[in-house]
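Novice: Here's my sequence, what's the structure:
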Amino acid sequence: MYKKVGIVAFLFTGLFIVGFTSVNSNYTEQTQSSLREQKIQKEALNQLASFQDYVRDSLLFEVSKDKIDEQRVQQVFLKSRLLFKKFEWIAEYFSADLTKRLNGPPVQEIENADLLDSSLVRAVDPMGLQVIEQFIFPKYNVAEKKNLVNETRHLITNTAYLISFFADQQLADWRILDAAKLEVFRIISLGITGFDNPLSLNSMEESSESLKSLKGVLRLYVNKKNNTALLKDLDASIEYLNRNSDFNSFDRAKFIKSFGNEISSGIAQLEGDLPGRKIKYNRMLKQEARTLFDSGAFNADAFSPGPEFHITDAKVGLGKRLFYDQSLSGTGTRSCVSCHNPELAFTDGLAKHPDIHVPSKLLTRNVPTLLNAALQSNYFYDMRVLTLEDQVRDVISSKQEMDGSMDAVIKYLSADKSYQSLFKMAFPAKAGKGISSDQVTNALASYIRSLTNLNSRFDEYMRGNETALSNQELKGFNLFMGKAKCATCHFAPLFNGVTPPKYVESEAEVLGVPVSLADSTLDADLGYYNVIGVDSYKHAFKIPTVRNINKTGPYMHNGIYKTLDQVMEFYNNGGAAGLGINLANQTLSAENLRLTEKEKEDIISFMKSLESRL
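Specialist: Residues are numbered from 1 along each chain as shown. Below is the predicted model of the structure:
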């Protein structure tokens, strides 16, 4: 009896000790986590205060002088941008709207873009560092002095708002690491391209400053026995940026592959090692992605109307059959595949497709590719609908495209037993309730979402196959991402207009495309303006992907250019400005890029490497 009691007592004591140790361990971890979060928050507040103080004491002081020293103002401005880059990672992640006031694009932004009621749309004037850059680079513009002073004051005020925000913001380890990884993605896709400093082009030093700041944060998460490779990778990348600071000659392919991908993978490892619950976001770039180039890194369902609209194999199979069915058109002569041929990357090879009723009459715009269409919001060149379901509905009902009626389509499908069976399998929760228009559009949209293929030779290269790209293609990539400034609109790795790294907003661009090769008059199509009614968006069009571009010509919204050489010449000469077209709201740089014939060939060679392997 005594021995039994002793054994029981020993086991109980042992369990108590183990339990106490576990509780104590959890408490210690929570305490460390809380202290770490507080330290990072304090450092971010210090960085914000340093930026605000410098802008007030130095930049505002310099720009307010009666006689401005151009060189001194430029130096102070560049220092201001470096100070901003120290807290960019945390500001962009936790308060993107406020951060836009510090470093947003120098064009009007659209707020509350209600596509059903343009009267609710509000255009927000740009402000911040990118606006200021235009006043002092490449030369100080005396006529803009008042605006320069006002913009500098806005910087001080808006930084105060951010300081107030972060003073009350509760951070969490998993969000801090997520923000750090997104900053690496931001550097890869935007920072090294000149996206937010197109005139000063101090991209490498700014990227270096961002990474230095991240290193200070990530050091707090690195166990001395593990993950030390991450800190070494950060040091190596910072050194590489500092040694290779020239914008045009910087080897972006090497930087991304040898440094950027390694750093983001290291941060992902830290994320995975964190204990506790993490909130799952529904965003296009999956949280678990280790690099921007991972197979399956992007979520094709991200821009669907909701979870019930997500892809299933049954929906895709049904959608594919509908895609080829001419009975969806009013005349019974045209299907989706009539305009979106798989052999031509789901385009038609024409400048503009014929009207369904009058073949001699052409549609208004060029047919875009459906490959990777799911990886971009806002559909059609004028961005008039927000989902693929709405896009499908619009095309079927268009009098010029398919001239169909959804009522007639549902009547046709409901009378077909094989379709009835397919709809029941695709939408089991709605079985017995009849076929609906939402089911038809969702099935077709699901098939289009299934056409997401990021498996080109370029992707293979970024995933480790160093032989996947030729030297010419690599040179082309570096030009695309640098001197040619293609990547400031066609963002890597999707090479479309959805802004990384959060991939929420789709950009539109005003290029000034002419009527024809023989007529340099501006094409009359007003594009996005007809949807939102904001003057600065007259002649603005959605930025399409350049993936599979070798198969998707003719090019531009009106199909004016038949070859990539013609496209390159248009951009090289500065768009509308290069053609002598006076377009006050042109957003494409009007400057000649001064690309040589060889450089243009290299860029085209690279773009051809973006072809999907279906």
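Novice: Quick check: the gap between the residue nearest to His340 when sequence neighbours are not counted and Leu388.
Specialist: In space, and not counting its chain neighbours, His340 is closest to Phe346: 4.1 Å by C-beta to C-beta, 6 or more residues apart in numbering. Glycine gets a C-beta too; all of them are placed from N, C-alpha and C. Remark: distance between Phe346 and Leu388 (C-beta to C-beta, to the nearest Å) = 13 Å.
Novice: The residue nearest to His340 contacts Asn372, doesn't it?
Specialist: No. Look at Phe346 against Asn372 with C-beta atoms under 8 Å: they stay out of range, at 9.8 Å.
Novice: shared neighbours of the two, which are they?
Specialist: Leu451 (C-beta atoms under 8 Å, 6 or more residues apart in numbering).
Novice: Show me what counts as buried in the helix or strand containing Asn478.
Specialist: In the assignment (DSSP states H and E), Asn478 maps to helix 471-481. Neighbour-count burial for helix 471-481 flags Gln472, Glu473, Leu474, Lys475, Gly476, Phe477, Asn478, Leu479, Phe480, Met481 (criterion: 16 or more other C-beta atoms under 10 Å).
Novice: Could I get the average pLDDT for that helix?
Specialist: Across helix 471-481, the average pLDDT comes to 98.
Novice: for the protein, what are the low-confidence residue spans?
Specialist: Along the chain, the parts satisfying pLDDT under 70 run over 1-29, 112-119, 224-227.
Novice: Could you chop it up by domain?
Specialist: As assigned by automatic domain parsing, the chain contains the domains 48-171, 172-279, 307-449, 466-608.
Novice: Out of these, flag the one nearest Ser33.
Specialist: For Ser33, the closest of the domains of the chain is domain 172-279, at 5.4 Å, according to C-beta to C-beta.
Novice: distance between the closest one and the chain's centre?
Specialist: Domain 172-279 has its C-alpha centroid displaced from the chain centroid by 18 Å (C-alpha atoms, centre = their mean, to the nearest Å).
Novice: and the end-to-end length of it?
Specialist: Using C-alpha to C-alpha, to the nearest Å, one end of domain 172-279 lies 11 Å from the other.
Novice: and if you look at stretch 327-343?
Specialist: 22 Å.
Novice: Run a quick neighbour tally on Val222.
Specialist: For Val222, the tally of surrounding residues (other C-beta atoms under 10 Å) stands at 16.
Novice: a helix runs through it, doesn't it?
Specialist: No. Judged by DSSP: H, G, I helix; E, B strand; the rest coil, Val222 forms no part of a helix; its state is coil.
Novice: Distance of it relative to Asp173?
Specialist: 13 Å.
Novice: And the helices in the stretch 501-614 of the chain?
Specialist: 529-532, 564-572, 597-608 (DSSP state H, counting those that start in this stretch).
Novice: Ala297: which of these is closest?
Specialist: helix 597-608 (20.5 Å).
Novice: name the helices or strands packed onto that closest one?
Specialist: Here helix 597-608 touches helix 471-481, helix 564-572, going by 3 or more C-beta pairs under 8 Å, 6 or more residues apart in numbering; DSSP states H and E.
Novice: Buried residues, the shortest one. List them.
Specialist: Neighbour counts over helix 564-572 (16+ other C-beta under 10 Å) mark Leu564, Val567, Met568, Phe570, Tyr571, Asn572 as buried.
Novice: Present those as JSON lines; the columns should include distance to Val131.
Specialist: Below are those laid out as JSON lines (distance: C-beta to C-beta, whole Å):
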{"residue": "Leu564", "distance to Val131": "33"}
{"residue": "Val567", "distance to Val131": "30"}
{"residue": "Met568", "distance to Val131": "30"}
{"residue": "Phe570", "distance to Val131": "27"}
{"residue": "Tyr571", "distance to Val131": "24"}
{"residue": "Asn572", "distance to Val131": "26"}
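Novice: Show me where the stretch 501-614 of the chain has its strands.
Specialist: 508-510, 540-542 (DSSP state E, counting those that start in this stretch).
Novice: With the chain instead?
Specialist: Counting by DSSP state E, one finds strands in the chain at the ranges 109-111, 122-124, 508-510, 540-542.
Novice: could you dump those strands to a markdown table with distance to Phe423 and mean neighbour count?
Specialist: Putting these into a markdown table (distance: least, C-beta to C-beta, whole Å; neighbours: other C-beta atoms under 10 Å) gives the following:
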| stretch | distance to Phe423 | mean neighbour count |
| --- | --- | --- |
| strand 109-111 | 38 | 16 |
| strand 122-124 | 42 | 14 |
| strand 508-510 | 36 | 23 |
| strand 540-542 | 32 | 24 |
